[in-house]
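K.L.:
Predicted model, plus sequence, below.
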Amino acid sequence: MMSPGMTTCGNVSVPEDGLLSARDLTLPPQLPQTIYNLLKTLRGHSLSSRQGYHSNDLEFYIDLWSEEQLLFSRGNLRMVMHVDPRFTIPLGRTVTVSILIGRKDTNEVACIVNRSVFDYVDGSAFRALAYDYLKFSPGHPFISGIRAWVSLLFMGNSNENIIDVFGIEIDFCDAASSETEVLWLLDMLDWK
């Protein structure tokens with residue numbers, strides 16, 4: 001039996017004036033169990049536990065360009081790679097990077113960096129940096145603002161006008177610091 005001045009919505013009753021103190025709120029008995037089951041399901045979902053999906057199933061395809069000239073193009077299984085043979089870039093020259101990532105388990109690809117410019121050079125850390133914002137699947141509409149960072153690792157040399165590149169590093173430090181977190185992040189990309 002409903003009290004006078006109360007409105008019912010499903011199993012929850014509230015005063016018609018909309019004012020209800022927290023101590024007067026009675027939740028349906030099945031709600032805590034529903035929340036518990038949802039959290040248990042989410043916690044139990046793990047990308048790394050998917051059969052056959054590991055970091056070894058990913059391949060990064062990296063292209064570096066400078067003024068319409070291809071400097072470097074390679075596929076690699078790692079987020080940090082040694083560049084052999086090394087190459088040099090004159091300081092002040094515009095260098096862009098594009099990176100696709102492929103999944104061997106599904107034969108899908110996603111773009112993580114699209115024509116980003118290395119516009120910051122940290123001489124003390126011997127790296128040039130570029131970034132792009134990740135494009136997530138429409139199934140993850142509330143995720144944004146996460147960047148993929150790309151570093152050109154270079155050696156110091158006697159000619160201060162030339163960068164001698166020996167390595168490339170891809171990083172998702174805005175949102176992921178462990179292999180499991182990177183796999184979760186990459187799984188949310190717009191795979192095609």
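P.N.:
Yes, it's here. Residues are numbered from 1 along each chain as shown.

K.L.:
could you pull out the helices for this structure?
P.N.:
Assigned by DSSP state H, the helices in the chain fall at 30-44, 179-187.

K.L.:
mean pLDDT for those helices: which is lowest?
P.N.:
With a mean of 51, helix 30-44 has the lowest mean pLDDT of the helices of the chain.

K.L.:
List the buried residues for stretch 68-86?
P.N.:
Residues 71, 72, 79, 81, 83 are the ones in stretch 68-86 that count as buried (16 or more other CB atoms under 10 Å). The way it works is simple: take the backbone N, C-alpha and C, and place the C-beta from them, glycine included.

K.L.:
Contacts only, for residue 145.
P.N.:
Contacts for residue 145 (CB atoms under 8 Å, 6 or more residues apart in numbering) come out as 133, 174.

K.L.:
What is the distance between stretch 123-130 and the centre of its chain?
P.N.:
Offset of stretch 123-130 from its chain centre (CA atoms, centre = their mean, to the nearest Å): 21 Å.

K.L.:
What of stretch 178-192?
P.N.:
How far stretch 178-192 lies from its chain's middle: 6 Å, per CA atoms, centre = their mean.

K.L.:
buried sites along it?
P.N.:
Buried residues in stretch 178-192 (16+ other CB under 10 Å): 182, 183, 184, 185, 186, 188, 189.

K.L.:
got the CA coordinates for it in CSV?
P.N.:
The C-alpha trace of stretch 178-192 is given here as CSV (Å, rounded to 0.1, in the frame of the first residue of the first chain):
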residue,chain,number,x,y,z
SER,A,178,51.8,-1.7,-18.2
GLU,A,179,51.4,-4.3,-21.0
THR,A,180,47.9,-5.2,-19.8
GLU,A,181,46.8,-1.6,-19.8
VAL,A,182,48.3,-1.1,-23.3
LEU,A,183,46.4,-4.1,-24.5
TRP,A,184,43.1,-2.8,-23.0
LEU,A,185,43.7,0.6,-24.6
LEU,A,186,44.5,-0.8,-28.0
ASP,A,187,41.5,-3.1,-27.9
MET,A,188,39.2,0.0,-27.8
LEU,A,189,40.6,1.4,-31.1
ASP,A,190,38.6,1.7,-34.2
TRP,A,191,39.8,-1.6,-35.8
LYS,A,192,38.9,-2.2,-39.5
